[in-house]
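J.: would you be able to build a 3D model of this:
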Amino acid sequence: MRNILLAATVAVTAALPAAAWAQGTQAVGYREAEDDRAIVQPFNRTVDQIEDMNVYGTGGEKIGEVDEVLVDSAGTIVAVAVESGGFLGIGDEEVVVMLDQLTLDGDRFSTGLTKDQLLALPRWKD
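T.: Numbering: from 1, shown residues only. Take a look at the predicted model:
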């Protein structure tokens, strides 16, 4: 019995660093897009048009809003910072969502992520 308990403790402890990384890590290697007129592909919209768009998750629930459009070190637009959680701007989190995780649905984005999955993505601090 003691060996089983020890093995279970080791397994849980080994999983903790990965879980801690997934929740609350700081995204690195990205910066805010500076040109509001740049086109965000594949959506064929400008940075200015993308910012402030709502993001809806599974079941049609609003789970956030695009705060920033992000570029990689080469200057290519690859992701957005989505603001989620909190109430009236207090206690909210910004997370990095890659463009391939979003679908343009009229004047809003849809994703297959739940709010909990969204909040587990790497954090964006501007």
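J.: mean pLDDT per helix and strand in the chain: which one sits at the bottom?
T.: In the chain, no helix or strand scores lower on mean pLDDT, DSSP states H and E than helix 2-22, which sits at a mean of 38.
J.: helices or strands up against the following helix or strand past that helix?
T.: Downstream of helix 2-22, the next assigned helix or strand under DSSP states H and E is strand 31-32. Contacts defined by 3 or more Cβ pairs under 8 Å, 6 or more residues apart in numbering; DSSP states H and E place strand 31-32 against strand 62-71. C-beta here means a position set from N, CA and C on the backbone, and glycine is covered the same way.
J.: tell me how far the strand it packs on lies from the chain's centre.
T.: 8 Å (Cα atoms, centre = their mean, to the nearest Å).
J.: how far does the helix or strand just after it sit from the chain's center?
T.: Using DSSP H and E, the helix or strand that follows strand 62-71 towards the C-terminus is strand 77-84. Remark: strand 77-84 is offset 6 Å from the chain centroid, using Cα atoms, centre = their mean.
J.: over to stretch 67-76?
T.: Stretch 67-76 sits 13 Å away from the centroid of its parent chain (Cα atoms, centre = their mean).
J.: tell me which residues are up against it.
T.: Contact with stretch 67-76 is made by 29-33, 38, 40, 47, 50-52, 77-83, 94, 96, 124, 126, as judged by Cβ atoms under 8 Å, 6 or more residues apart in numbering.
J.: switch to 7 Å and redo it
T.: Outside stretch 67-76, the residues that touch it by Cβ atoms under 7 Å, 6 or more residues apart in numbering are 29-33, 40, 47, 50-51, 77-83, 94, 96, 124, 126.
J.: buried ones in it?
T.: In terms of neighbour count (16 or more other Cβ atoms under 10 Å), stretch 67-76 has its buried residues at 67-71.
J.: please tabulate those in a markdown table and include pLDDT and distance to Gly60 as additional columns.
T.: Shown next, in a markdown table, are the buried residues of stretch 67-76 (pLDDT from 0 to 100; distance: Cβ to Cβ, whole Å):
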| residue | pLDDT | distance to Gly60 |
| --- | --- | --- |
| Asp67 | 95 | 21 |
| Glu68 | 96 | 24 |
| Val69 | 98 | 24 |
| Leu70 | 97 | 26 |
| Val71 | 97 | 30 |
